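J.: sequence and predicted structure below; questions after.
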Amino acid sequence: MAIYECVYIARQELTAAQAEQLSKDFTKIVSSNSGEIKRQEYWGLRNLAYKIRKNRKGHYTMFHIEAPASTIEELERNMRLNEDILRYLTVKIDVLPEGPSVMMTARPDRPRRTDRYEDNLSVKEPYDRSPQTDGEASPESTSSN
């Protein structure tokens, strides 16, 4: 049997429990059609690059599936019919990747936005509102008699 990676995006109005139930429903479809879910990852509620059906965010979930092609066709058919699914993508992969996906790993080489902001924030002296005396003409020197 072939190995597939399937990622789908569910509507933002769903709760995390409803998104989990949706994943369980898809797992039942795969297992009832002689397939097996090797790994499942819930990536959370994330921003979309553009609006999809008036949604700015979506619940992302990824499956690694070992199944025949007919099982994947049935899974995709059910995803098309489900109104809670905004988008899905299934690709065939050669080997099952080891460890967590890239979306689940923290990037130690990239600082968080707050860290970048604090590093670039320079402490400036408070603005002095007193009048400048250097280079300014005093009223005594400018008066003409």
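T.: Here it is on my side, so go on.
J.: next up, the contacts around Leu45.
T.: 12, 16, 57-60 (CB atoms under 8 Å, 6 or more residues apart in numbering). Any C-beta I mention is one placed from the backbone N, CA and C, and that applies to glycine too.
J.: list the buried ones in the longest helix along the chain?
T.: As assigned by DSSP state H, the longest helix anywhere in the chain is helix 16-32. Counting neighbours by 16 or more other CB atoms under 10 Å, one finds that the buried residues in helix 16-32 are 19, 22-23, 26-27, 29-30.
J.: quick one on the thing from earlier: for the contacts of Leu45, pick the one with the most neighbours.
T.: Ranked by the number of neighbours (other CB atoms under 10 Å), these place His59 first, at 26 neighbours.
J.: that older thread, between the buried residues of helix 16-32, which sits nearest Tyr88?
T.: Phe26 (9.7 Å; CB to CB).
J.: grab the nearest non-local neighbour of that closest one.
T.: Nearest non-adjacent residue to Phe26, counting by CB to CB, 6 or more residues apart in numbering: Leu75, 6.3 Å away.
J.: check which helix or strand that neighbour maps to.
T.: Using DSSP states H and E, Leu75 falls within helix 69-81.
J.: show me what that helix is packed against.
T.: strand 2-11, helix 16-32, strand 55-67, strand 85-93 (3 or more CB pairs under 8 Å, 6 or more residues apart in numbering; DSSP states H and E).
J.: which residue is the nearest non-sequential neighbour of Ala10?
T.: Nearest one to Ala10, counting by CB to CB, 6+ apart, is His59 at 4.2 Å.
J.: for whichever strand or helix holds Lys51, list the C-alpha coordinates in CSV.
T.: Assessed by DSSP H and E, Lys51 sits inside strand 36-52. Output of strand 36-52 as CSV, limited to C-alpha atoms (Å, rounded to 0.1, in the frame of the first residue of the first chain):
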residue,chain,number,x,y,z
GLU,A,36,-4.5,3.0,8.5
ILE,A,37,-3.6,6.4,10.0
LYS,A,38,0.1,6.3,10.8
ARG,A,39,0.3,9.8,12.3
GLN,A,40,-2.1,12.6,13.0
GLU,A,41,-1.1,16.2,13.9
TYR,A,42,-3.4,19.1,14.9
TRP,A,43,-1.6,22.3,14.0
GLY,A,44,-4.1,24.5,15.6
LEU,A,45,-6.1,27.6,14.5
ARG,A,46,-3.8,29.5,12.1
ASN,A,47,-4.2,32.5,9.8
LEU,A,48,-4.9,31.9,6.2
ALA,A,49,-2.9,33.6,3.5
TYR,A,50,-6.2,34.9,2.0
LYS,A,51,-9.9,34.7,2.8
ILE,A,52,-11.6,31.4,1.9
